[in-house]
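Trainee: Predicted model, plus sequence, below.
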Amino acid sequence: MKSLADCRLYTFIDTAYLHGRAPETVAQQLCDGGSDLIQLRAKKSSPEEICRMAEAILPITQQANVGLVINDYSDIAQDLGAELCHLGQEDFFDAGHKQVNELKNKNPNVKIGLSTHAPAQAKRALEAKADYIAIGPVFATGTKPTAKPVTLEYVRWAAANVTVPWFAIGGIHLENLGEVLAAGAKRVCVVSAILNAPDVAAACREFRARLRY
């Protein structure tokens with residue numbers, strides 16, 4: 001996969017939005033559309049089910065030179081050879097971790113990303129040596145309906161203060177992408193605006209065309 005600094009479009013295989021589609025089918029569409037990173041998010045699936053999905057997806061992403069991000073389970077990422085793992089605040093700090101290297105016991109090359117929802121959390125993630133961080137949710141999102149939007153103000157703060165690659169996330173679609181980029185974001189995570197599109201690959205290409213590659 002390309003370096004995180006060179007990644008711009010971070011997409012998802014979110015089981016809540018598959019609507020009967022096979023994860024590997026969507027993985028191919030996301031790769032065909034030009035995704036740089038693809039996260040497997042399966043909140044209602046068991047670790048064993050996530051392993052099976054990841055095993056089917058990984059050959060597709062590796063063939064396309066796209067990084068596969070495993071949500072929540074660093075052990076699965078390391079055991080299967082996925083390039084990245086993403087964790088929320090509660091999965092990392094609330095679980096007692098202080099440095100991301102604590103999670104790289106099986107594979108020091110796996111990259112760890114952390115969700116952040118405020119400047120204080122971003123600073124803490126930087127101190128923990130996160131490889132990248134997510135900034136959001138920027139806007140209200142059905143993916144996490146109870147999460148309070150952090151607004152473009154946090155995006156502006158991140159643009160001025162975050163020293164590792166960071167991705168704006170949450171309610172981002174083509175109609176508001178310009179605002180997010182104008183606030184200083186160079187990288188975005190997109191879930192429903194791509195997964196709910198009639199043509200997933202074409203939706204990816206539209207986002208890529210708007211990002212600064």
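Mentor: Yep, that arrived. Residues are numbered from 1 along each chain as shown.
Trainee: which strands and helices sit next to the lowest-mean-pLDDT helix or strand in the chain?
Mentor: Using mean pLDDT, DSSP states H and E, the weakest-scoring helix or strand in the chain turns out to be helix 89-92, at a mean of 92. Of the remaining helices and strands, those touching helix 89-92 by 3 or more CB pairs under 8 Å, 6 or more residues apart in numbering; DSSP states H and E are strand 111-116. C-betas here are computed from N, CA, C, even on glycine.
Trainee: go again using 6 Å as the cut-off
Mentor: Taking 3 or more CB pairs under 6 Å, 6 or more residues apart in numbering; DSSP states H and E as contact, there are no helices or strands that helix 89-92 lies on.
Trainee: For residue 112, list the residues it contacts.
Mentor: 85, 100, 103, 130, 131 (CB atoms under 6 Å, 6 or more residues apart in numbering).
Trainee: If we only consider those, which is nearest to residue 4?
Mentor: Residue 4 has its nearest neighbour among those in residue 131, at 6.3 Å by CB to CB.
Trainee: now that closest one: how far from residue 26?
Mentor: According to CB to CB, to the nearest Å, residue 131 stands 25 Å off from residue 26.
Trainee: When those two are compared, which one has more neighbours?
Mentor: Legend: neighbour count by other CB atoms under 10 Å for residue 131 and residue 26, higher for residue 26 (25 against 17).
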